[in-house]
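A.B. asks: Pasting the sequence and the predicted model now:
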Amino acid sequence: MRDYGKVFSRYWRNNDILHTSDADKLLGTYLLTSSHTNLIGCSHLPIGYVIADLGWDEQKILSLFEQQVKRDFITRCTVTNWLLINNYLNYNPIQNQNQGIAAYRLLLDIPDEFCGKIRLLKNLKAFQSKLPSSFVAYYNQNITDSPMQPFTALQQSKITNQYTNKENYFEDFWQRQLRKEKKNKAHDIWNKLGLDKDSDRAMHIIHCWEDQKRHRKQYQDKTKTPLPHNWLADEQWLDEFIRADDPSINPTNHLSKNNTQISLESNNQAIVQQWTGLPTKRK
């Protein structure tokens, strides 16, 4: 089963999503999860595909696309019918070099006329270590104002060793830790999880840790960061979390905008009075 095109629960709490229509929410979910979605979040999506899949008329879909473009959820080209989910790679990162090769092939299929191609190239730049070396030249052909630098021989050697020597995976994970305590215990759990034998899974977990270390609000405070062996034992790479780089996310309150204890008590008293027909007194 593919490990991309995921919808995290925080998607529904995002301020931008909260203020969109139900149809917009459904279309966004469709774009993230449909069979047309691929590894890089950029695909050829003629309007007819969406009509066939959702059963909506063309005008409704075009209107919703316009709304999604305005709030920067997508970049859509009416000339080529290509579509990019702008922040897709933030939540569906390229995990290893095999995926990097596949991502580069998908990139080469995108026509130069697509208005979102430059943005996609800039998004992919963050995954240089996982992409083929030819990506650098391709990037520089399309973006001349801030060219990428290829890795030095030493950097490339380190990357090659990282992906070929399985013993380095745990050491790589360990060197990235904020709290370097109980290394032997962490190593034992690493091996029990089979990460000493599964390179792709090990690299995925390392990436998840790095993503959480940088962006999980809780981990911005070192004292709240779990010890490595606990993070592994509890499989915290599977956690969903509020990102420090997300737009502000506010809980919704279906009763009142003033979600205080007093207002909740007042609301509950009103419900009791309505049910019983008797007045209620506050304590």
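C.D. replies: Perfect, thanks for sending it.
A.B. asks: what stretches of the stretch 1-150 of the chain score poorly on pLDDT?
C.D. replies: Using pLDDT under 70 as the threshold, the predicted model of the stretch 1-150 of the chain has low-confidence ranges 1-4.
A.B. asks: For it, which segments count as helices?
C.D. replies: Secondary structure of the stretch 1-150 of the chain (DSSP state H, counting those that start in this stretch): helices at 15-18, 22-33, 47-54, 58-70, 88-91, 97-109, 117-124, 134-142.
A.B. asks: Dump the ones you listed into TSV; add mean neighbour count as well.
C.D. replies: (Each C-beta comes from the backbone N, C-alpha and C, glycine too.) Supplementary listing: these in TSV, determined by neighbours: other Cβ atoms under 10 Å:
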stretch	mean neighbour count
helix 15-18	14
helix 22-33	16
helix 47-54	14
helix 58-70	15
helix 88-91	19
helix 97-109	16
helix 117-124	18
helix 134-142	15
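A.B. asks: Of these, which is nearest residue 41?
C.D. replies: Of all the helices of the stretch 1-150 of the chain, the one in closest proximity to residue 41, counting by Cβ to Cβ, is helix 88-91 (2.6 Å).
A.B. asks: and that closest one, how far from the chain's centre?
C.D. replies: 4 Å (Cα atoms, centre = their mean, to the nearest Å).
A.B. asks: repeat for stretch 120-137
C.D. replies: 18 Å.
A.B. asks: repeat for stretch 53-62
C.D. replies: Distance, stretch centre to chain centre, for stretch 53-62: 27 Å (Cα atoms, centre = their mean).
A.B. asks: Kindly report the same for stretch 18-32.
C.D. replies: Stretch 18-32 sits 17 Å away from the centroid of its parent chain (Cα atoms, centre = their mean).
A.B. asks: Quick one: residues in contact with that stretch.
C.D. replies: The list of residues contacting stretch 18-32 from outside it, by Cβ atoms under 8 Å, 6 or more residues apart in numbering, reads 5-7, 11-12, 17, 37, 45, 50, 53-54, 56, 60-61, 64-65, 67-68, 71, 73-74, 83, 85, 88, 250, 252.
A.B. asks: Next up, the contacts around the residue nearest to the spatial centre of the chain.
C.D. replies: Centroid check for the chain by Cα atoms, centre = their mean gives residue 91 as the closest residue, at 0.8 Å. Taking Cβ under 8 Å, 6+ apart as the criterion, residue 91 is in contact with 6, 8.
A.B. asks: Residue 49 versus that one, what's the distance?
C.D. replies: Using Cβ to Cβ, to the nearest Å, we find residue 91 at a distance of 23 Å from residue 49.
A.B. asks: what's the distance between residue 143 and residue 223?
C.D. replies: The gap separating residue 143 from residue 223 is 41 Å, by Cβ to Cβ.
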